[in-house]
Every structure is written in structure tokens, then in C-alpha cells.
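Asker: Sequence and predicted structure, then a few things I'm wondering about:
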Amino acid sequence: MNPSQDEVTVLKNEMSCKNCGALLTFKPGTLKLVCQYCKAENDIKQEDKIEIVENDLEEFLAKHVEEKEKIVVTTIKCDACGATSTVNPKITADKCPFCATTFVLKNGSSSSVYKPQYVLPFKIDDKAALGNFRLWLKKLWFAPSELKHYADRADRLSGMYLPFWTFDCQTESSYTGEQGIDHTREESYRDDKGNSQTRSVTYTSWSSVSGHVSDTFDDILIEASHTLPKPQLRSLEPWDLKNVIPYSDQYLSGFRTENFQVDLPNAYVEGKQRMQEAITHTIQGDIGGDRQRIHSVNTTYNKPTFKYILLPVWISAYQYQKKVYQFIINARTGEVQGTRPYSAGKIALAVIGGIIVAIILYSLFS
């Protein structure tokens, strides 16, 4: 379902500066659009009461996915890393935010993508994100000197909305296993000299158990993209998902978005894997004792629901010795995660310095 001409006209008016007609961009931490030229601001209209709607997963999958509402965006695929993201159709060249490779927009194309339901808007701006980035860089030992100067300019960061799925579910799990109880006893032995000694030894007695546990899951978060390393993205958690608001193009103005690569069925499979980790912990608590063994688990997933959302990050890619290093900042909390290069020269100097210090100390005390 595409927007009507009247809806397009209204949106265009809302995103145009009332003073100079320029395109307004979203101002992080506010509910306003701001003009980068004359600094005029427009308020983003908000509903008095926002109701978050969860979609019935089984019902949705039973229908034709093509019925889901779509939007038309201009996208470009990076030839170097394969990432596909939206771009401003008015620019002619840019850098890929994921690998820092320069590309020309001649390869850009208009495409129809699924419209997200909700968005978590940017809360911290590029200056605040850059400050956190610099603090993070200062903590890196043996980092190349040029990396320390890399964060001197705010344009090193790209504001990006990343796609995610969330899942809610209530589970019932039956299990079989064993409960272990630790005991200690004294035993005698002979040491190396043949003398008789005693020591305490711990042993475990096991007994068969079975049971049933229930778990409730709310907003299990699954990445809808393979572009960024999953461990880094999960290290950005937690997200304040209770503050998501209905999707609007206005929150995306001035920022990029990445299209989802992981579809709903595959995301749900991964979502159940994350649920299983918590279910295992619940079962271990139900078994009790000092140790637990789980032999079998049979889980029923009742009334699963989902949402398709966008989460905000500041992202930067740095190339060092022909290798790409990515830095990601949670644009709600300021948490920084990333991969980092090491300076072989600094490590060599540190090793040489350590050897010299060891020689001096040896000379003084020998």
C-alpha cells in the first residue's frame, strides 16, 4: 500500500523549512525538525497516547507477506562490503558508513522496502557521540597514532538506523534431568615423602528429576542485518524499547537506514534460540541442588508476536593497513563498541622497553 498524493504533499510540507524551503532534518534528543541553514524548527506532531501493537506471528506468516505496507527509498549497495543502505538522491558521491569505501551514486536505485512499524529516535547528537568515541579511543592500548586523531572531526560519524525484529512469547517447557548434591569426606593418602596425610574430597550424588517451567518473554531483540558483527551489536544492549514510537519519515530525515537482510521466519528461529538460553537457566533453577544436568527439553511457544523496528546508532569505519575496523555507538545511551587495530611499532617499542628495564633491574640486584 503506497501513500496517497495528499499524504505525500502533507509530508513534504512538514519536512520543508517554513522560512527558506530547505529540507529539515531531525534534531536528536527532541521532537523537532531543524533547518541546517536558517536554524528554523518545526515540531513533529505526536499522538496524545501511543499504543504499541504487537503482530500475531502465526497469523502474519499464514498470509501473503506482499500485503505488508511498503515505502520507496533510494538505496545503494557497496561493492566492497555488500552493505545496502539508503542515500540522499541529491548527492553524487559518498562513503560507505560500514567500510569507508568511496562510491559514486550512479549505481543508486529506487527500491520498495517493507515499512518499519516503530522507530527509536536518535537521542544523542554527533558531538556527544564523538565525545564518547574519543574517551573510548583513549582507553585503547597500542593503538596507531593516526587512530587517536581519527575522531577529531564529527563528520567521521554517520547516523544510521539499523533494522531489528522483536518477539514476545509465553513458553511452557517440560524437562528431564538430574540433580547433583555435593558432599565432602575425609580420605587418607601418602605424600611424596611417604608420610600419611588426610584431605577433604568433594563428590556429587546424582538423582533423576523431571518437571515443568513457564517463561514470559518481552521484546526479544534479533538483528535483521548481517553487515555488523552480532557480538558488537548485542554489546550495545540494553535499548529502551519501551520508548519506541510509530514510524515516520520525519525521524529519519538527515540519517540513513539499512534495509533488513534477515526475514521474519529466520529471525524467529534465532529468537527462539535466545529464549532457549533463558529457559535453560529457569530449568536449572527449578532442578536446584548444587549441580544440574538437563537431558531433554520440550518447549511449546504460545501466541508469539513480533514488531519490525529501527534502532539508532552512530557508526564509523576506519581503514588501517588495508583492513576495515568498525566503531558503533548506541545513539540512545552513548555506549561504544568496536574492533580496533594495533600498532606493531608501539608493541615492539614496549617489548624492547620491558627488556631494557629487566636488564637494568637484574644488574642492580645481582
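Answerer: Sure thing, it's come through.

Asker: For beta bridges, what are the partners of residue 257?
Answerer: Beta-bridge partners for residue 257, by DSSP bridges, are residue 161.

Asker: how many neighbours does it have?
Answerer: Residue 257: 21 surrounding residues under other Cβ atoms under 10 Å. Every residue, glycine included, has its C-beta placed from N, CA and C.

Asker: next one: residue 52
Answerer: Residues near residue 52, counting by other Cβ under 10 Å, number 15.

Asker: Tell me the helix or strand right after the helix-or-strand element of the chain with minimal mean pLDDT.
Answerer: In the chain, the helix or strand scored least confidently by mean pLDDT, DSSP states H and E is helix 5-14, which has a mean of 45. Sequence order places strand 25-26 as the next helix or strand after helix 5-14, per DSSP states H and E.

Asker: Can you identify the element that follows that next one toward the C-terminus?
Answerer: Using DSSP H and E, the next helix or strand after strand 25-26 towards the C-terminus is strand 32-34.

Asker: Show me the contact partners of that next one.
Answerer: The contact list for strand 32-34, computed with Cβ atoms under 8 Å, 6 or more residues apart in numbering, reads 14-15, 24-27, 40-44, 250, 253.

Asker: Parallel or antiparallel, which strands does that strand pair with?
Answerer: strand 25-26 (antiparallel), strand 41-43 (antiparallel).

Asker: follow-up on the earlier one: now flag whichever of the contacts of strand 32-34 is closest to residue 202.
Answerer: Residue 202 lies nearest to residue 26 out of these, by Cβ to Cβ, at 60.1 Å.

Asker: That closest one and residue 267: what is the separation?
Answerer: Separation of residue 26 from residue 267 (Cβ to Cβ, to the nearest Å): 27 Å.

Asker: correct me, but residue 46 touches residue 121?
Answerer: No. Applying Cβ atoms under 8 Å as the test, residue 46 and residue 121 come out as separate, 11.2 Å apart.

Asker: Show me whatever sits in contact with both of the two.
Answerer: With Cβ under 8 Å, 6+ apart as the test, residue 46 and residue 121 both reach 31, 245.

Asker: Of those two, which one has the most company?
Answerer: Taking other Cβ under 10 Å, residue 46 and residue 121 do not tie; residue 121 has more neighbours (25 against 11).

Asker: For that one, pull up the helix or strand it's in.
Answerer: Residue 121 belongs to no helix or strand, assigned by DSSP H and E.

Asker: Next up, phi/psi of it, please.
Answerer: Taking degrees, to the nearest 10, you get phi -70, psi 160 for the backbone angles of residue 121.

Asker: One more: residue 273?
Answerer: Dihedral angles (degrees, to the nearest 10) for residue 273: phi -70, psi -40.

Asker: separation between it and residue 267?
Answerer: 11 Å.

Asker: And residue 357, by the same measure?
Answerer: Using Cβ to Cβ, one gets 53 Å for the distance from residue 357 to residue 267.

Asker: of those two, who's got more company?
Answerer: residue 267 (23 against 10).

Asker: What ranges does the stretch 151-300 of the chain have for its helices?
Answerer: 230-235, 249-252, 264-287 (DSSP state H, counting those that start in this stretch).

Asker: closest one to residue 297 among those?
Answerer: Checking these against residue 297 by Cβ to Cβ gives helix 264-287 as the closest, at 6.8 Å.

Asker: Would you mind extracting the C-alpha trace of the closest one into PDB?
Answerer: C-alpha atoms of helix 264-287 as PDB (Å, rounded to 0.1, in the frame of the first residue of the first chain):
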ATOM      1  CA  LEU A 264      10.900 -12.800   9.700                       C
ATOM      2  CA  PRO A 265      10.900 -16.700   9.700                       C
ATOM      3  CA  ASN A 266      14.600 -16.900  10.100                       C
ATOM      4  CA  ALA A 267      14.600 -14.100  12.700                       C
ATOM      5  CA  TYR A 268      12.000 -16.100  14.700                       C
ATOM      6  CA  VAL A 269      14.300 -19.200  14.700                       C
ATOM      7  CA  GLU A 270      17.100 -17.100  16.200                       C
ATOM      8  CA  GLY A 271      14.600 -15.500  18.600                       C
ATOM      9  CA  LYS A 272      13.700 -18.900  19.900                       C
ATOM     10  CA  GLN A 273      17.400 -19.700  20.400                       C
ATOM     11  CA  ARG A 274      17.800 -16.600  22.600                       C
ATOM     12  CA  MET A 275      14.600 -17.700  24.500                       C
ATOM     13  CA  GLN A 276      16.100 -21.200  25.000                       C
ATOM     14  CA  GLU A 277      19.100 -19.700  26.800                       C
ATOM     15  CA  ALA A 278      16.700 -18.200  29.400                       C
ATOM     16  CA  ILE A 279      14.600 -21.400  29.500                       C
ATOM     17  CA  THR A 280      17.700 -23.400  30.300                       C
ATOM     18  CA  HIS A 281      18.500 -21.000  33.200                       C
ATOM     19  CA  THR A 282      14.900 -21.400  34.500                       C
ATOM     20  CA  ILE A 283      15.200 -25.200  34.400                       C
ATOM     21  CA  GLN A 284      18.500 -25.200  36.200                       C
ATOM     22  CA  GLY A 285      16.900 -23.100  39.000                       C
ATOM     23  CA  ASP A 286      13.900 -25.500  39.100                       C
ATOM     24  CA  ILE A 287      16.100 -28.500  39.400                       C
END
